[in-house]
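Asks: coordinates only, no sequence provided:
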């Protein structure tokens, strides 16, 4: 179906490859997806980079601001020292309704803080979740929470399951997402107090297809479409996944470059190996929505190149077009109502 | 240096390949390491399996007992329904001084409960830790706690760091083990209350070389020799490590068996790939000591074959020969004394 042009606000200075790859990705998105791009950041620097990289940005709007949040900055600086950063200004523009979604490849912690304090949570949502999409054998899964909240209460985990399920259905097109709780064993009584209580709440949540506890070992093997956990655990799972995948692929490379005969063997399987690598590249899925925020905020991978940014913008447009936020709002309000009973 | 023959008590019925592979591994250990083997389990079944597999067990002692703990049994059954299991009987024999160390490839939870309640903790040790050795680029690291204690207090994490450091130095021969705290960021203030408090205690612990917080992504890349965390986090890290490694290697196999030319390429790199796989095989290091127990108890990988069991028995002998337990006892007592001050 054709929609009116979605307006995507993009932080021109977020991530390792900003602004050049950001600009290129925005150009691709504008051309291929028919979205309107609003860039935030130093207009002067943006124009210079566009000229240097021969990217036509004549049809982009620019919200000029001087500052940038770095990876070294504290997340809370977005509310104070870095109020005029491209990220803070972009989030305010979203809050003010100047765009339909905001995307940044910058400091994750700052995006979570800004999404919560500038754009605000959906009424009834206890915490926003950082919800990255990760590869698994034969597809991808969502980790929710992937690191926004180190310490969680059981009700938060129940909401993470609900919000993740809605997103996977509406944006990723999974008909009946399986929601699992990351735990040390499959039996309901396993884990600590948090997991035991969360298991009860998730089991009682009729809006989702809860498949029970999932062990970490099964997660890369299609254990569930949405893996629910507290943010500390999510960070451990996410980063260990990345670390092991990178370490193994590094070792593969050493084998294939060891000597001439191995190099020749590598040449034979090169294409298949590339496809294999692509399957386990956690950059493929663009990044992570900030779920529970009252408007679509999307964290793009810090290492994103133009094509990754383009796919992230495509997801942002879908996020904005679908009525996810309305559905989450309705679900959590009835959830809250049921708690009263 | 030559020692008197160490007496290693082995659960003949623990693990996926019991008793046949257990018996073969014990035979190898007795011949190559000069240890005295005491087997626990049904004497009748042990003799039958030995005869069937043509393993000479004439010099082994057998402590006859009828029962076996399965993976389905509750950990606490070792104290009740399964008091006469090969694992419970072996742990009692260790407690009674009939052997110098106990090894089992059976139910991990039951071993932890049995080590705590039958063999007992070292005076001053708050919790025993399940401390598996895991591969990393260019070696191995210890995860402590790898799953014995879902919920921990900061003082427990400080003890895990201390115990892991002593073990890595005395048994694994690492001169100055680097101890790291698994956390979501490297700065001391990162993580939840547990991590923040544990960081303070580990920093103040002069007996260890604390290198601060380590992110999960760096763990497979030699971030530390001992990675300290609560048992829930440890289980997540351990199982995600295993899951990703297995999933990648599975996918890799698919590439190499896809068609004839790929199969030929695979044949070329076969030996190097095997060496590579060996490097990332978490079975290589035999298993996990139960640290903080008053006598050496060792959990062998459930999937252990004869050679893995043999290397586990070698580690048990070293565990018994070295004065680790005395050192841990001395360290925790002074640690406790310092807390008083």
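Replies: Nice, I can see it. Please read these numbers as outputs of a predicted model, since none were measured by experiment. Residues are numbered from 1 along each chain as shown, chains lettered A, B, ... in the order given.

Asks: show me what contacts whatever residue of the stretch 1-150 of chain A ends up closest to chain B?
Replies: Closest approach between the stretch 1-150 of chain A and chain B, counting by CB to the nearest CB: residue A:150, at 4.3 Å. For glycine as for every other residue, the C-beta is placed from the backbone atoms N, C-alpha and C. For residue A:150, the contact set (CB atoms under 8 Å, 6 or more residues apart in numbering or on different chains) comprises A:230-232, B:184, B:191-192.

Asks: quick one: which of those sit in helices?
Replies: Among these, the residues falling in helices (DSSP state H) are A:231-232.

Asks: domain ranges for chain A, per the record?
Replies: Chain A breaks down into these domains under automatic domain parsing: A:1-125+A:292-341, A:132-281.

Asks: just to revisit the earlier point, would you mind checking the contacts of residue A:150 for buried ones?
Replies: Neighbour counting by 16 or more other CB atoms under 10 Å in any protein chain shown classes A:230-232, B:184, B:191-192 among these as buried.

Asks: among the residues you listed, which one sits closest to residue A:5?
Replies: Distance to residue A:5 across the buried ones among the contacts of residue A:150 (CB to CB) is lowest for residue A:231, with 35.0 Å.

Asks: correct me, but the closest one touches residue A:156?
Replies: No. Taking CB atoms under 8 Å as the definition, residue A:231 is not a contact partner of residue A:156, at 9.2 Å.

Asks: now do the shared contacts for the two.
Replies: Contacts common to residue A:231 and residue A:156, judged by CB under 8 Å, 6+ apart, are A:145, A:149.

Asks: hey, which helix or strand in chain A has the poorest pLDDT?
Replies: In chain A, the helix or strand scored least confidently by mean pLDDT, DSSP states H and E is helix A:260-279, which has a mean of 80.

Asks: quick one, strands of chain A?
Replies: A:7-11, A:36-41, A:61-64, A:101-104, A:129-130, A:133-136, A:139-144, A:178-182, A:209-214, A:226-228, A:287-291, A:297-300 (DSSP state E).

Asks: what packs against the fourth one?
Replies: It refers to strand A:101-104. Judged by 3 or more CB pairs under 8 Å, 6 or more residues apart in numbering or on different chains; DSSP states H and E, strand A:101-104 is in contact with strand A:7-11, helix A:86-95, strand A:297-300, helix A:306-321.

Asks: of all these, which one is nearest residue A:249?
Replies: Among the helices and strands packed on strand A:101-104, helix A:306-321 comes nearest to residue A:249, with 17.8 Å by CB to CB.

Asks: buried set for that closest one?
Replies: Buried residues in helix A:306-321 (16+ other CB under 10 Å): A:306, A:308-321.

Asks: with stretch A:97-107 instead?
Replies: So stretch A:97-107, judged by 16+ other CB under 10 Å, has buried residues A:99-107.

Asks: CSV for those, including distance to residue A:126 and pLDDT?
Replies: Listed next are the buried residues of stretch A:97-107 as CSV, based on distance: CB to CB, whole Å; pLDDT from 0 to 100:
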residue, distance to residue A:126, pLDDT
A:99, 26, 97
A:100, 25, 97
A:101, 23, 98
A:102, 22, 98
A:103, 25, 98
A:104, 24, 97
A:105, 27, 96
A:106, 25, 95
A:107, 23, 94
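
Asks: between which two of these is the distance greatest?
Replies: Once CB to CB is applied, the buried residues of stretch A:97-107 give A:100 and A:107 as the farthest pair, at 22.7 Å.

Asks: run a quick neighbour tally on the closest residue to residue A:243 other than its chain neighbours.
Replies: Nearest residue to residue A:243, sequence neighbours excluded (CB to CB, 6 or more residues apart in numbering or on different chains): residue B:217, at 4.0 Å. Neighbourhood size, residue B:217 [other CB atoms under 10 Å in any protein chain shown]: 20.

Asks: and residue B:217, what does it touch?
Replies: Contacts of residue B:217 by CB under 8 Å, 6+ apart are A:239-240, A:242-243, A:246.

Asks: and if we set it to 10 Å?
Replies: Applying CB atoms under 10 Å, 6 or more residues apart in numbering or on different chains, one finds that residue B:217 lies in contact with A:235-236, A:238-247, B:223.

Asks: check the spacing between residue A:130 and residue B:243 real quick.
Replies: Noted for residue A:130: a distance of 21 Å to residue B:243, by CB to CB, to the nearest Å.

Asks: these two: which is more packed in?
Replies: Ranked by neighbour count (other CB under 10 Å), residue A:130 and residue B:243 place residue A:130 first, with 26 against 23.

Asks: thought the more buried one was touching residue A:113?
Replies: No. Look at residue A:130 against residue A:113 with CB atoms under 10 Å: they stay out of range, at 11.2 Å.

Asks: quick check: neighbours shared by those two?
Replies: Shared contacts of residue A:130 and residue A:113 (CB under 10 Å, 6+ apart): residue A:148.
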